[in-house]
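Build the 3D model from these lines:
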Amino acid sequence: MSIRICGGIYRSRKLACPSKGVRPTSDRVKEAVFSTLGADMDGWEVLDLFSGSGSLGIEAISRCAKKVTFVDKSRKCIKTVEENLNSLGAKDKASIIHLDARAFVHKCKDKFDLIFMDPPYNKGLATQMAPIVCRLLAGDGILVIEHSPREEIDPPKAEIWKKSIYGDTCVTYIKKEVESQ
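Prediction:
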């Protein structure tokens, strides 16, 4: 199975995708997400949790993100992300971490301008992890969660900026609340 990059410098390039255990983000959803976020991500630090093939993070690299950190616990997915980055000559813009997303989030001290989180559907991971992942957002950062429409996400100390449903996929955009001085 292959997927494509929707925009930016690598537009229309094909990416590999593991044949089992991954639900790739459809082109329709990916195009809508990046249309909402805007085309220029110049200088952004991005985190791609549950990265799978890496298509969301690689899309951000294609749109000039400064660096993308890919996190997945599957060796097959990590190998696919590495192959995709190598095929584009973009490995220097990436950090690839083979670790469970929950373990990574609990120990991470970095801040990100944009975080993609696309956990397996209907396991409660999106709801459980959203409040913890929000703490990794830079001041005006955005958390984009791809999840089942049956799962409600309402993290404390965060604002749902936008929510869109595309068939069996819901995309929730969250901004961290600015703390008062």
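
going forward, measure contacts between C-alpha atoms and count neighbours the same way
Fine.

For the spatially most central residue of the chain, give me its contacts.
Ranked by distance to the mean C-alpha position of the chain (Cα atoms, centre = their mean), the top residue is residue 116 at 2.1 Å. By Cα atoms under 8 Å, 6 or more residues apart in numbering, the contact list for residue 116 reads 46-49, 56-57, 143-146.

distance of residue 25 from residue 90?
20 Å (Cα to Cα, to the nearest Å).

for residue 140, helix, strand, or coil?
strand (DSSP: H, G, I helix; E, B strand; the rest coil).

what's the answer for the one 10 residues further on, then?
Per three-state DSSP, the local secondary structure of residue 150 is coil.

Can you tell me the closest non-neighbouring residue to it?
residue 122 (7.7 Å; Cα to Cα, 6 or more residues apart in numbering).

Among the contacts of residue 116, which are located in helices?
56-57 (DSSP state H).

Given whatever helix or strand the residue nearest to the centre of the chain lives in, what are its sheet partners and their directions?
Applying DSSP states H and E as the criterion places residue 116 in strand 112-117. Counting by DSSP bridges, the strands paired with strand 112-117 are strand 45-49 (parallel), strand 137-147 (parallel).

what's in contact with whichever helix or strand comes after the longest one?
Looking back up the chat, that one is strand 137-147. On the C-terminal side of strand 137-147, the closest following helix or strand by DSSP H and E is strand 158-166. The set of residues external to strand 158-166 that reach it, using Cα under 8 Å, 6+ apart, is 29, 131, 134, 149, 154, 170-177.

Columns pLDDT, secondary structure and neighbour count on top of those residues, output as TSV?
Formatted as TSV, these follow (pLDDT from 0 to 100; DSSP: H, G, I helix; E, B strand; the rest coil; neighbours: other Cα atoms under 10 Å):
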residue	pLDDT	secondary structure	neighbour count
29	91	helix	18
131	92	helix	17
134	93	helix	24
149	93	coil	19
154	82	coil	15
170	94	strand	19
171	96	strand	22
172	96	strand	22
173	96	strand	21
174	94	strand	24
175	91	strand	21
176	80	strand	23
177	72	coil	14
